[in-house]
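Novice: need a structure here:
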Amino acid sequence: EIDYFEYSKVKASLKVKEQVYIIDGYNVIFAWKDLKELSKQNIDSAKDRLISIVSEYKAIIDTNMIIVFDGYKVKNNLGSQDIKEDISIIHTKEGETADAYIERYANSNKDKLNITVVTSDSLIRQLTSGNNCRVVSSVDFEREVDAAKKQLRDTYKLD
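Specialist: Residues are numbered from 1 along each chain as shown. Take a look at the predicted model:
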C-alpha cells in the first residue's frame, strides 16, 4: 500500500525548476575582446551587441536571460527594468552594484529557480555558488555561447 503523504512529498521534490541566467553585463563586456574593443568607442553599442548575442543564445537554449548593468555611480538614478530582444535588462539604481542585485536575486530565488550566474567577479561567484547557483565565468560564457552557435550551424548545415 502506498502512503499518499510520502508519495506527494517525493512527487513535489521532482518538480523541474525553471532555468534562468543572470548576467553581470559590464563584467562580460570587459571580459570579451570584441565587446571590450567596441566599448572603447561607444559603451551603449557594446551593451546593445551583448543583448543581441544573449538574445541569440536564448533562442538556441530556450532559457530566460537577465542582464544586469551597474547604475550605482549615476546620480539620482532610480534604476530601470526593460525588455529588449526578449531579454530582461536591469539597470541598478544609484548606490546599488550589479553584484549586489545579482546576489540578492540569487538568494531570494534559489529555491524556486535553477540559476546560472555569469560573472568573473570572485566575491559574487563565491556568494552565489553558496546559493546552489551554477556559476560561469564571463570567458567561459563566451565559449558556451560560441559552442551552442557552432552546434546549431553544424546541425542545420548553416554557413
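
Novice: Go through stretch 142-159 and flag the buried ones.
Specialist: Residues of stretch 142-159 classed as buried: 142, 144, 145 (neighbour count, 16 or more other CB atoms under 10 Å). Where you see a C-beta, it was placed from the backbone N, CA and C, and this is true even at glycine.

Novice: tell me the SS of the residue most central in space within the chain?
Specialist: Nearest to the geometric centre of the chain sits residue 22, at 2.3 Å (CA atoms, centre = their mean). Counting by DSSP: H, G, I helix; E, B strand; the rest coil, the backbone at residue 22 sits in strand.

Novice: My read is that it contacts residue 118, right?
Specialist: Yes: counting by CB atoms under 8 Å, residue 22 touches residue 118, with 7.2 Å between them.

Novice: before we move on, the earlier item: partners of the residue nearest to the centre of the chain in the sheet?
Specialist: Judged by DSSP bridges, the bridge partners of residue 22 are residue 66, residue 117.

Novice: pLDDT below threshold where in this structure?
Specialist: 1-15, 159 (pLDDT under 70).

Novice: Show me where it has its strands.
Specialist: Counting by DSSP state E, one finds strands in the chain at the ranges 18-24, 64-69, 80-84, 87-91, 113-118, 134-136.

Novice: Mind putting those into CSV with distance to residue 54?
Specialist: Shown next, in CSV, are the strands of the chain (distance: least, CB to CB, whole Å):
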stretch, distance to residue 54
strand 18-24, 7
strand 64-69, 5
strand 80-84, 10
strand 87-91, 5
strand 113-118, 9
strand 134-136, 13
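
Novice: Which one, of those strands, ends up nearest to residue 105?
Specialist: Nearest to residue 105, of all the strands of the chain, is strand 18-24, at 5.8 Å by CB to CB.

Novice: can you give me the angle the closest one makes with strand 113-118?
Specialist: 30 degrees (axes from the mean of the first three to the mean of the last three CA atoms, to 10 degrees).

Novice: Give the buried residues for strand 18-24.
Specialist: The neighbour-count check on strand 18-24 (16+ other CB under 10 Å) flags 20, 21, 22, 23, 24 as buried.
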